[in-house]
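Student: need a 3D model of the sequence below.
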Amino acid sequence: MKILSIQSAVAFGHVGNSAAVFPLQRIGVEVLPVYTVNFSNHTGYGAWRGPMIDPSDVSEVIAGIEDRGVFPQIDVVLSGYQGGEGIGDVIIDTVARVKAANPRAIYSCDPVMGNAKSGCFVAPAIPILLRERVVPVADIITPNQFELGFLTETEPDTIESTLASADLARAMGPSTVLVTSVERPDRETDTIEMMVVTDAGAWIVQTPQLPMKANGSGDVTAALFTAHFTQTGDAADALARTASSVFDLLAKTLESGERELQLVESQEFYANPQMQFTSRQVR
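Tutor: Down below sits the predicted model:
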């Protein structure tokens, strides 16, 4: 499997491609990383150095990959945080060209906009770009519960309302919606869930909610789920594998006391998930 991953990069820490590439490689996926920024660290520190990469330069890198005749071999285009409208145009164009070269290729979009605690933290134009132009050309989207509500102009909280919001998102274009950070009022104390909704049904997985926030965990989640689901077509298994790997990554990070994901130290959890969590069908 080959994944063309168009995301940010940081030298210190793990977000964007700096979070997604290694776990994908560890499960045997060939990754072609294309960077949209090259920062010293993620912006959550409040200070960072390094350039945002001009969309025309990103496009040039992708054109160079196309020149090598690689597009027919690409199975997935993966994208995450989009810092500006120009990158969205590059991604949409790339998806069209990859799919022209390989009609079986899919596009997996993590529509990063914000979260329930911080609210929306992207430029005002980005949610509109995602809703109107990017999501409609995606096959898989991986929003958190807050982003799903923002995309669909709803307020999902229960299983039923989250399913309904996912169906609204699927009506926009993508056939598969992975909803992360699902928090419903009637869930067990100190738990958190993920839900996947496909043409074949819907499944939910519950894990303990760890007392931490880790930048980059969503990027790892989107990458691993996309790879597992694309390889097997089994949404329930892909959900369980992803939840298992990411929970153990977060637990090891919490145990370490470090702020950054313990991505390398947790590599065995990607290659051989413990499968300690099972998916429950909810539709």
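Student: send the alpha carbons of the lengthiest helix in the chain over as CSV?
Tutor: Using DSSP state H to define each element, the chain has its longest helix at helix 235-256. This file holds the C-alpha atoms of helix 235-256, laid out as CSV (Å, rounded to 0.1, in the frame of the first residue of the first chain):
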residue,chain,number,x,y,z
ALA,A,235,-14.6,-1.0,9.5
ALA,A,236,-15.3,-2.8,12.9
ASP,A,237,-11.8,-4.4,12.9
ALA,A,238,-10.1,-1.2,11.7
LEU,A,239,-11.8,0.7,14.6
ALA,A,240,-10.8,-1.8,17.2
ARG,A,241,-7.2,-1.9,16.0
THR,A,242,-6.9,1.8,15.9
ALA,A,243,-8.4,2.3,19.3
SER,A,244,-6.1,-0.3,20.8
SER,A,245,-3.0,1.2,19.3
VAL,A,246,-3.8,4.8,20.1
PHE,A,247,-4.9,4.1,23.7
ASP,A,248,-1.6,2.3,24.4
LEU,A,249,0.3,5.2,22.7
LEU,A,250,-1.5,7.7,25.0
ALA,A,251,-1.0,5.5,28.1
LYS,A,252,2.7,5.3,27.5
THR,A,253,2.9,9.0,26.9
LEU,A,254,1.0,9.7,30.2
GLU,A,255,3.3,7.3,32.0
SER,A,256,6.4,9.1,30.7
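Student: residues of that helix that come out buried?
Tutor: Along helix 235-256, these residues count as buried under the neighbour rule (16 or more other CB atoms under 10 Å): 235-253. Any C-beta I mention is one placed from the backbone N, CA and C, and that applies to glycine too.
Student: next: stretch 138-154.
Tutor: Neighbour count says stretch 138-154 has 138-152, 154 buried, by 16+ other CB under 10 Å.
Student: quick check: bridge partners of Lys2?
Tutor: Glu30 (DSSP bridges).
Student: closest to Gly28 among the buried residues of stretch 138-154?
Tutor: Nearest to Gly28, judged by CB to CB, of the buried residues of stretch 138-154 is Ile140 at 19.3 Å.
Student: pretty sure that closest one sits against Thr226.
Tutor: Yes - assessed by CB atoms under 8 Å, Ile140 is found in contact with Thr226 at 5.9 Å.
Student: can you pull the residues that touch both of these two?
Tutor: Residues touching both Ile140 and Thr226 by CB atoms under 8 Å, 6 or more residues apart in numbering: Ser108.
Student: quick check, Glu147 in contact with Val112.
Tutor: Yes - at 7.3 Å, Glu147 and Val112 qualify as touching, with contact defined as CB under 8 Å.
Student: the stretch 151-283 of the chain: helices as residue ranges?
Tutor: Counting by DSSP state H, counting those that start in this stretch, the segments of the stretch 151-283 of the chain that form helices are 159-172, 217-232, 235-256, 267-271.
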